[in-house]
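Chemist: please find the sequence and the predicted model below.
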2 protein chains.
Amino acid sequence: MGQNNPDRYFLSENNLPFADFLHFGLSVDCVIFGYHSGSLRVLLIQRGAEPFKDSWAIPGDLVYPDEDLNNSANRILTHLTGLKNIYFEQFHAFGSVDRHPVGRVITIGYYSLVRSENYQPVASMWAKNVKWFDIEDLPKLAFDHSEIINKAILNLRKKVRTEPVGFELLPEKFTLLELQGVYEALLSERFDKPNFRKKILSMNVITPLNEVETNVAHRPAKLFNFDKKRYDELKNNEITFEL
Amino acid sequence: MGQNNPDRYFLSENNLPFADFLHFGLSVDCVIFGYHSGSLRVLLIQRGAEPFKDSWAIPGDLVYPDEDLNNSANRILTHLTGLKNIYFEQFHAFGSVDRHPVGRVITIGYYSLVRSENYQPVASMWAKNVKWFDIEDLPKLAFDHSEIINKAILNLRKKVRTEPVGFELLPEKFTLLELQGVYEALLSERFDKPNFRKKILSMNVITPLNEVETNVAHRPAKLFNFDKKRYDELKNNEITFEL
DNA sequence: AAACTTATAGTACTTTTTACTTTAAGAAAA
DNA sequence: TTTTCTTAAAGTAAAAAGTACTATAAGTTT
């Protein structure tokens, strides 16, 4: 396999037609995170075909020959959820030699954050079943998808400390306690309520609305929304989301 | 191209032989960082063959069909520098449709940190020239390599705040002022000397040696080394490298 | 031996964090 | 209508951490 001749594949030396090197498959897989009543969930599909027929897996697909990676991720997300402009982020490439039983397929891992109350994902031809799973209670997964999810969680937990991604999991209008719940789920850490409020408000990136929550059996909390414009103005003055 | 039929490539539906999907090239490119007297540098090669013959580029190669991504990065680094066990990290996959003039080639970007005083990289058949460049003063680069370097720098700057990667750029034994220099170069920020010392020492991850620097025209500073064992013990108690 | 340079220790002040207590506001039950 | 309950929201005091310095020590060079 050329291991004894380390230069064999160097672009500058080989004399083979370039097409001889185009022997890899390429796919994109998306770890879709949602938040519901205190816990973090991922959206899984049950595969309708071999390999790993009937196994649970994260949604993904082969990349089109004329499609950029981000477009591919976007296509998969829209196709599965019906939602456009979902927040997503590439986080790692997985390319073990034996990760795919049928050939050498590299997959680019993306994670995505959705407001899970917005829609109900539906099964389709290529996914006989679609379901939310709590991240603490995942089934056995196809391919190396468990590894992919674990890496996605680690990446998300780092990201959440430096960028305001937590808001992507909440509806437009939210209470401070809901926001606290999201951060507690993301970081699996409890916060003191008055201090959380103080800290978040001091960042000046959420604005209070003239509305309160309804249908609650106690004093209703004020609703807020995330002020992206204000965030963009402030982010150079070293805003961080360390809580 | 199947754009009107979004399911065309879904693994579960197509009836084509799987080999028909294996039409991508795969490479690994390494952004090698070094530190020298106050500034951060990257190691570039001058290409000896088309495409982009004579252009400066970051070192990289096609991945072997039977080689994992990390092994590929390691091979490239060892081949170029002669050093083993260099620190490296995968940071992003680049897969624009037109990023490679000869075909659809996805590249996995790695960055690496080396103690640059340890060796002198040498030119070879596939690289007619090898040279360190200050990151503030880079030449025009082949392919999308400028974009790759920029992304690598952003990633490294984030990494350095949560993990003790700064030590990878220094020799085994170093003074506190040298360490401060590395962090100042990495974060492009100046620190107060007494406070930097206080902060680093309070982390308990460097140990003082019974040695001082030599050949300096003033009071010699004490030498320290990084205590990886101690770091591993402490890192669960939320150590961060915010300076 | 004096002058100079840099290491290292120390200190006083400010800001932030942490762990609480108190008060307010609405809903539901009596 | 009044009482009780629950949670929102504001306030406070002590501790910790960060900041901006000053002072002293330990070597080299002249």
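Modeler: Alright, I've got the coordinates.

Chemist: and stretch A:111-120 with chain B, contact?
Modeler: No. Applying CB under 8 Å from any CB of the partner chain, one finds stretch A:111-120 out of contact with chain B, separated by at least 14.0 Å. Quick note: C-beta positions are derived from backbone N, CA and C, even for glycine.

Chemist: now do the same end-to-end measure for that stretch.
Modeler: 19 Å (CA to CA, to the nearest Å).

Chemist: now find how far off-centre that stretch is within its chain.
Modeler: Stretch A:111-120 has its C-alpha centroid displaced from the chain centroid by 10 Å (CA atoms, centre = their mean, to the nearest Å).

Chemist: who's in contact with it?
Modeler: Applying CB atoms under 8 Å, 6 or more residues apart in numbering or on different chains, the contact partners of stretch A:111-120 are A:30-36, A:41, A:43, A:73, A:77, A:81-83, A:86-89, A:91, A:132, A:152, A:155-156, A:165, A:168-171.

Chemist: residues contacting A:Met206?
Modeler: Actually, residue A:206 is Ile. It isn't Met. Applying CB under 8 Å, 6+ apart, we find A:Ile206 in contact with A:Leu179, A:Ile200, A:Phe224, A:Asn225, A:Phe226, A:Asp227.

Chemist: how about A:Phe241, what does it touch?
Modeler: With contact set as CB under 8 Å, 6+ apart, A:Phe241 has these partners: A:Val160, A:Arg161, A:Thr162, A:Glu163, A:Pro164, A:Gly166, A:Met203.

Chemist: run the last query once more with 6 Å
Modeler: For A:Phe241, the contact set (CB atoms under 6 Å, 6 or more residues apart in numbering or on different chains) comprises A:Arg161, A:Pro164.

Chemist: how near is it to chain B?
Modeler: A:Phe241 sits 13 Å away from chain B, going by CB to the nearest CB, to the nearest Å.

Chemist: so which of the contacts of A:Ile206 is the most crowded?
Modeler: Highest neighbour count within these, by other CB atoms under 10 Å in any protein chain shown: A:Phe224, with 23 neighbours.

Chemist: which helix runs longest in chain A?
Modeler: In chain A, with assignment by DSSP state H, the single longest helix is helix A:145-159.

Chemist: looking only at pLDDT, what's the mean for it?
Modeler: In this model, helix A:145-159 carries a mean pLDDT of 97.

Chemist: does chain B sit close to that helix?
Modeler: No. On the criterion CB under 6 Å from any CB of the partner chain, helix A:145-159 is out of touch with chain B, staying 6.9 Å away.

Chemist: that helix packs against which elements?
Modeler: On a contact count with 3 or more CB pairs under 6 Å, 6 or more residues apart in numbering or on different chains; DSSP states H and E, helix A:145-159 meets strand A:87-94, strand A:105-113.

Chemist: of all these, which one is nearest DNA strand D?
Modeler: When the helices and strands packed on helix A:145-159 are compared by CB to the nearest atom of the strand, strand A:105-113 sits nearest DNA strand D, at 22.9 Å.

Chemist: what pairs with the closest one, and is each one parallel or antiparallel?
Modeler: As defined by DSSP bridges, the strand partners of strand A:105-113 come to strand A:25-36 (parallel), strand A:87-94 (antiparallel).

Chemist: which elements pack onto the following helix or strand past that strand?
Modeler: For strand A:105-113, the succeeding helix or strand toward the C-terminus, using DSSP states H and E, is strand A:127-134. When contacts are defined as 3+ CB pairs under 6 Å, 6+ apart, strand A:127-134 packs onto strand A:39-47.
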